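> Sequence and predicted structure, then a few things I'm wondering about:
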Amino acid sequence: MGQNKHPMKVAMVSVFVEDPVKAFKYYTEVLGFEEVMYSPENYLAIVKSPLDPNGVSLLLEPIEPGGLEIAKKYKHELYKMGMPVISFSSNDIQKTFEELKVKGARFKKEPTKTDYGFESVFDDDNGNYIQLYQLN
């Protein structure tokens, strides 16, 4: 074991969505992410946080049309369980919570104190729960 001579970093992660056009609108207009690439005719939407321009991008991966059955099942089962598919952080979770509520975000769990800080959970309006957290 040991340090890799050629380490890697996370560049992009997929979030399975019902409709990438609807998801792109939500992630940019409600959550405030920025467009990296958007091609609605090709069901392609990639966004990133404005706070980290060189950070991880999110591929809003469509499960339709013609999506993989296992991806659909995975997505729907996680949602049924109430399990967040991804976590976003905030320096002030209460202010972020209030701002998102005004923009129409539906929260499953309001900001709550935990052992590590605060957390809340909201619905991304595309069949996913997202955890929002703030470290102590």
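Cool, the structure landed. Residues are numbered from 1 along each chain as shown.
> how near is P50 to Y27?
Applying Cβ to Cβ, to the nearest Å, the value for P50 to Y27 is 12 Å. For every residue, glycine as well, the C-beta is placed using N, CA and C.
> The two: which is more packed in?
Using other Cβ atoms under 10 Å as the criterion, P50 and Y27 rank with Y27 on top: 26 against 9.
> Is my assumption valid that that one occupies a position in a strand?
No - going by DSSP: H, G, I helix; E, B strand; the rest coil, the assignment for Y27 is helix, not a strand.
> Quick check, pLDDT for it.
Here, the pLDDT recorded for Y27 equals 98.
> so where's the protein uncertain?
Residue ranges of the chain with pLDDT under 70: 1-2.
> Secondary structure class of Y38, three-state.
Y38 ends up strand, using three-state DSSP.
> Could you do L78 as well?
L78 is classified as helix under three-state DSSP.
> And the residue lying closest to it once chain neighbours are set aside, which helix or strand is it part of?
Closest residue in space to L78, ignoring its immediate chain neighbours: V85 at 5.9 Å, by Cβ to Cβ, 6 or more residues apart in numbering. According to DSSP states H and E, V85 maps onto strand 84-89.
> which other helices and strands contact that strand?
On a contact count with 3 or more Cβ pairs under 8 Å, 6 or more residues apart in numbering; DSSP states H and E, strand 84-89 meets strand 12-17, strand 129-135.
> Do a quick rundown of the strands in this structure.
12-17, 34-39, 44-48, 57-62, 84-89, 106-113, 117-123, 129-135 (DSSP state E).
> so how far is the shortest one from its chain's centroid?
In this view, strand 44-48 has its centroid 11 Å away from the chain centroid, taken as Cα atoms, centre = their mean, to the nearest Å.
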